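Participant: let's see this in three dimensions:
(one chain, ligands or ions: 1)
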Amino acid sequence: MSRLCMQPNLVLNTQDIGLRLLASDLDGRKWRDTMANFASGVTIITSLDELGNAVGSTVSAFSSLSLDPMLLLVCLDNRSRTLGHIQRQENFAVNILSKDQKEMAFLCGSKSNDKFDCIEYVLGQYGLPLLKNTCVSIECELTAVHDGGDHKILVGKPLSLLQTDMQLPLIFHKGQFI
Ligand SMILES: Cc1cc2nc3c(=O)[nH]c(=O)nc-3n(C[C@H](O)[C@H](O)[C@H](O)COP(=O)(O)O)c2cc1C
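Facilitator: Numbers count the residues shown, from 1 in each chain. Purely as a prediction, here's the structure:
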């Protein structure tokens, strides 16, 4: 149970510090706008469907998780079709996009059924789709799935890496690619 309580009198001068809001003032849109202040890289998380076709979703909610053991995490919306495929397949690849791959981010951020008709990829050592010209692509074994509100938190253990020449990363900030 939280032991935090509101202490409105502790901050005497609020004029210089910006807009103060309580969580009860927020709706989904304001919360999304708040989180959009955090600049992130952009990934496409890929896996395979039942027929062995490439599937994937654009994901900015990606992070390193642990060094020993080596683990990473990605957060996927419960409505993501890619999520279902990853849970069945029990593996996925993280493709960290380079600055010229904005179009792919748009495409895999959509509900198109033929995302991989115009995206070039190779199969990695563990058979997962690795996009070409990314900063790095990482094949992972799915080691845990945790509930996180309307998302699932997927924990992955790296199996293989594909790193091309030095590429600058694609950055997403306040709803824009930089
Ligand atoms: C820049 C960007 C970042 C996104 N980040 C996430 C994310 O972190 N998690 C997520 O579930 N969806 C994220 N999305 C939305 C999914 O890419 C989108 O819902 C996609 O249609 C899912 O496709 P699928 O249903 O085929 O898996 C993002 C989209 C964009 C364009």
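
Participant: what segments of this protein are strands?
Facilitator: 40-41, 43-48, 54-59, 62-66, 71-77, 91-96, 121-123, 129-131, 136-148, 151-163, 171-173, 176-177 (DSSP state E).

Participant: what does the first one contact?
Facilitator: The set of residues external to strand 40-41 that reach it, using Cβ atoms under 8 Å, 6 or more residues apart in numbering, is 60-62, 96-97, 135, 169-173. In this view, the C-beta of every residue, glycine as well, is placed from N, C-alpha and C.

Participant: 7 Å instead, please
Facilitator: Contact with strand 40-41 is made by 60, 96, 169-172, as judged by Cβ atoms under 7 Å, 6 or more residues apart in numbering.

Participant: can you tell me how far the residue nearest to Val136 when sequence neighbours are not counted sits from Ala93?
Facilitator: Leaving aside its sequence neighbours, Val136 sits nearest to Gln163 (Cβ to Cβ, 6 or more residues apart in numbering; 4.7 Å). Distance, Gln163 to Ala93, by Cβ to Cβ, to the nearest Å: 13 Å.

Participant: same thing with Pro129?
Facilitator: Pro129 is 6 Å from Ala93, by Cβ to Cβ.

Participant: identify the contacts common to those two.
Facilitator: Joint contacts of Pro129 and Ala93 (Cβ under 7 Å, 6+ apart) are Thr46.

Participant: that older thread, Thr134 is in contact with the residue nearest to Val136, correct?
Facilitator: No - look at Gln163 against Thr134 with Cβ atoms under 7 Å: they stay out of range, at 8.7 Å.

Participant: what residues does the protein have near the ligand?
Facilitator: 42, 57-61, 75-77, 80-82, 105, 108-111, 172 (Cβ under 6 Å from any ligand atom).

Participant: Phe92: neighbouring residues, count only.
Facilitator: 28 (other Cβ atoms under 10 Å).

Participant: ok, what's across the strand from it?
Facilitator: Counting by DSSP bridges, Phe92 forms beta bridges with Cys140.

Participant: contacts only, for it.
Facilitator: 45-47, 86, 128, 140, 142, 156.

Participant: so which of the contacts of strand 40-41 is the most crowded?
Facilitator: Leu170 (23 neighbours).

Participant: quickly note the distance from that residue to Val42.
Facilitator: From Leu170 to Val42 the distance is 5 Å (Cβ to Cβ).

Participant: list the residues that contact both of the two?
Facilitator: By the contact definition Cβ under 7 Å, 6+ apart, Leu170 and Val42 are jointly contacted by 97, 105.

Participant: what number of residues lie near Ile119?
Facilitator: 20.

Participant: now do it, the pLDDT please.
Facilitator: On the pLDDT scale, Ile119 is placed at 96.

Participant: distance of it from Arg3?
Facilitator: Counting by Cβ to Cβ - Ile119 and Arg3 are separated by 49 Å.
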